[in-house]
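Let's see this in three dimensions:
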Amino acid sequence: MANMNPKKLPMPEQDPVERSHNFKEVAMGYTAEMAVEEAGRCLQCKNPKCVGGCPVNIHIPEFIAKVAEGDFAAAYEIISQTNALPAVSGRVCPQETQCEALCVRGIKGEPVAIGRLERFVADWYREHVNAMPKKPESNGHKVAVVGSGPAGLTCASDLAKMGYQVSLFEAFHVAGGVLVYGIPEFRLPKAIVANEVEKLKALGVDVETNTVVGKTTSIDELFEDGYEAVFVGSGAGLPMFMGIPGENLVGVYSANEYLTR
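Numbers count the residues shown, from 1 in each chain. Have a look, this model is predicted:
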């Protein structure tokens, strides 16, 4: 029988006084018991509108059903069929305007906490299993991915799973793009992104940092080196200035530079 509580189960957070003195993650995530309880709120709709609201069409009712059963490993396998970065999207994806916005439970109450459940499943898998994927058999084709932000990581993962030989080029010294340089530690811990990058390497992706495509090498040179296709996911790395007095004063930073620092 479904849990008919009209409100989401609150997610534990660091005490405000404590978190004001550290940069650790504020949201602490569900426990296993909490995840099972919240999963029980899902009505398992025959026509799940939540799936249509998800950009990658995660099989939401199916993975939530497994959480409700306590089979967290199976829930992870279902999510990872279509989502390469569940631990990331479970934290920073705007579920409230996508999948959760279409949840039937949200009509007369609060929607099912889909994002919190996704985060729980990904974290549980990382802490209890964390099996690295096996490198697929090569299909003989070579492709390049420019930029290691969420778009580049997802593209590289999907292509590698299909057997492509993928090289991932990142301008900075650590792969992850905006996930590393644009989102603070208290919102998305760097260790989580690093773990996703390790999974990419296990799939056979060659991650090359400190490589500015357009400076260090060019798109044309990539093709000359045998790459048959190039995906460019360079992100929004350059700031936009407002053209107002004081922009160039000492101590005034663009948002990009402030987050990176």
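
What residues of stretch 122-134 count as buried?
122-126 (16 or more other Cβ atoms under 10 Å). Yep, even glycine has a C-beta here, placed from its N, CA and C like the rest.

If you average the pLDDT over stretch 49-58, what comes out?
Mean pLDDT, stretch 49-58: 95.

So what touches stretch 222-232?
Identification of contacts with stretch 222-232 by Cβ atoms under 8 Å, 6 or more residues apart in numbering yields 141-147, 152, 155, 167, 213, 219.

Output it as PDB, nothing but the C-alphas.
What follows is stretch 222-232, C-alpha atoms only, in PDB (Å, rounded to 0.1, in the frame of the first residue of the first chain):
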ATOM      1  CA  LEU A 222      42.300  16.200 -34.300                       C
ATOM      2  CA  PHE A 223      40.900  15.000 -37.500                       C
ATOM      3  CA  GLU A 224      44.400  14.700 -38.900                       C
ATOM      4  CA  ASP A 225      45.300  12.600 -35.900                       C
ATOM      5  CA  GLY A 226      42.600  10.000 -37.000                       C
ATOM      6  CA  TYR A 227      39.600  11.200 -35.000                       C
ATOM      7  CA  GLU A 228      36.500  10.600 -37.100                       C
ATOM      8  CA  ALA A 229      34.200  13.000 -35.200                       C
ATOM      9  CA  VAL A 230      34.600  15.700 -32.600                       C
ATOM     10  CA  PHE A 231      32.000  16.600 -29.900                       C
ATOM     11  CA  VAL A 232      32.500  20.100 -28.600                       C
END
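
For that stretch, list every residue counted as buried.
222, 227, 230-232.

which among those gets closest to N130?
Nearest to N130 among these: F231, at 27.2 Å, using Cβ to Cβ.

Need the contacts of stretch 222-232 in CSV (columns: distance to G29 and secondary structure).
Converted to CSV, these look like this (distance: Cβ to Cβ, whole Å; DSSP: H, G, I helix; E, B strand; the rest coil):
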residue, distance to G29, secondary structure
H141, 39, coil
K142, 39, strand
V143, 35, strand
A144, 36, strand
V145, 30, strand
V146, 33, strand
G147, 29, coil
G152, 26, helix
C155, 28, helix
S167, 34, strand
V213, 36, strand
I219, 41, helix
